[in-house]
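Asks: let me see the structure of the following:
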Amino acid sequence: MKRSIVVAEFPCDCKTVWDIVTDNKNYRWRSDLSRIEVINETCFDEYTKEGFVTRFRITEKEPYRIYRFAMENKNMCGNWIGLFEKRDGGTQITFTEEVQVKNPIMNLFVKGYLKKQQAKYIADLKEAIRS
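Replies: Have a look, this model is predicted:
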């Protein structure tokens, strides 16, 4: 499994960050997605702008503290863990993504891809909080 971790701080309370990250009906702040299709209370599909779909299954959701899910698409499977912590009047998040690629050649590129995706997600989240 390949692992990528991103840590970021936001100048607002945990509830604000939590509400944005966990609201799958309001995905428009994400620059990489065309839509999210909510299947049921624990499953949803994310569609990139190019139409690539990834299925997510929420495995743990403790408000304002931890959000965890399993994910799978045709190229990989893995887990994502989001930790939310109060810090100096704001919020610190730690997002960890662990994936196993289905094509061994992709192992050469997956770590860089994960870092790029996480950086885009954090940039989009910062913009959503500002607006």
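Asks: where do the helices of the chain begin and end?
Replies: 14-22, 110-130 (DSSP state H).
Asks: mean pLDDT, distance to Trp29 and mean neighbour count added to those helices, as JSON lines?
Replies: All C-beta spots, glycine's among them, are computed from the backbone N, C-alpha and C. Listed next are these as JSON lines, based on pLDDT from 0 to 100; distance: least, CB to CB, whole Å; neighbours: other CB atoms under 10 Å:
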{"stretch": "helix 14-22", "mean pLDDT": "97", "distance to Trp29": "7", "mean neighbour count": "17"}
{"stretch": "helix 110-130", "mean pLDDT": "95", "distance to Trp29": "4", "mean neighbour count": "15"}
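Asks: please name whichever of those helices is nearest to Arg68.
Replies: helix 14-22 (11.2 Å; CB to CB).
Asks: may I have the closest one as PDB, with CA atoms only?
Replies: Taking Å, rounded to 0.1, in the frame of the first residue of the first chain, the C-alpha atoms of helix 14-22 are listed here in PDB:
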ATOM      1  CA  CYS A  14     -14.000  22.200  13.600                       C
ATOM      2  CA  LYS A  15     -17.700  22.300  12.900                       C
ATOM      3  CA  THR A  16     -17.200  24.600   9.900                       C
ATOM      4  CA  VAL A  17     -14.500  22.400   8.400                       C
ATOM      5  CA  TRP A  18     -16.400  19.200   9.300                       C
ATOM      6  CA  ASP A  19     -19.600  20.400   7.700                       C
ATOM      7  CA  ILE A  20     -17.900  21.300   4.400                       C
ATOM      8  CA  VAL A  21     -15.900  18.000   4.200                       C
ATOM      9  CA  THR A  22     -18.800  15.700   5.100                       C
END
